[in-house]
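S.K.: Fold the following for me, if possible:
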Amino acid sequence: MQENTKKTLKIFWQYTMKYWPSFFITVGFLVVGAVVTVITPIYLKRIVDLMTVGSLNRLETYPSLVSILSLIIILYVIEWCAWRISTYFAGKVELGVMADLSDSCFKYIHKLSFNFFN
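M.R.: Presented below is the predicted three-dimensional model:
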């Protein structure tokens with residue numbers, strides 16, 4: 001990586017860490033949402049397995065199907081909430097970092113001499 005890129009990323013990281021609680025909430029709920037997204041198809045597979053094998057005896061497979069469907073609904077709700085919370089806090093971090101970077105750039109430009117612009 002070039003030296004300027006490292007410096008730029010270091011500056012971005014410093015400004016991001018001013019909002020560290022929101023940043024880590026974003027990352028945490030992002031991980032939760034991704035994990036639940038990966039887990040949900042496993043339960044969908046179980047429904048298909050139960051329907052193909054259990055088609056002979058409906059009375060035994062019905063309670064299992066209902067419990068798996070209710071678990072899938074709960075997982076989808078958790079996934080939705082995790083993504084929404086992550087998106088909300090990511091927006092807070094992004095707006096705060098952009099505002100702070102704009103302020104610091106504005107202050108830096110105002111410290112330059114008038115001859116710099118001519």
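S.K.: now the top helix by length along the chain, how far from the chain's geometric center?
M.R.: The single longest helix within the chain, with elements called by DSSP state H, is helix 58-111. Remark: helix 58-111 is offset 5 Å from the chain centroid, using Cα atoms, centre = their mean, to the nearest Å.
S.K.: Show me what that helix is packed against.
M.R.: Contact here means 3 or more Cβ pairs under 8 Å, 6 or more residues apart in numbering; DSSP states H and E; on that basis helix 58-111 packs against helix 3-16, helix 20-53. In this view, the C-beta of every residue, glycine as well, is placed from N, C-alpha and C.
S.K.: ok, and which of those helices has the densest surroundings?
M.R.: The highest mean neighbour count among the helices and strands packed on helix 58-111, using mean count of other Cβ atoms under 10 Å, belongs to helix 20-53: a mean of 14.
S.K.: What average pLDDT does it get?
M.R.: Per-residue pLDDT over helix 20-53 has a mean of 92.
S.K.: Which elements pack onto that helix?
M.R.: Going by 3+ Cβ pairs under 8 Å, 6+ apart, helix 20-53 lies up against helix 58-111.
S.K.: before we move on, the earlier item: next, the angle helix 20-53 makes with the longest helix of the chain.
M.R.: With axes from the mean of the first three to the mean of the last three Cα atoms, to 10 degrees defining the directions, helix 58-111 sits at 160 degrees from helix 20-53.
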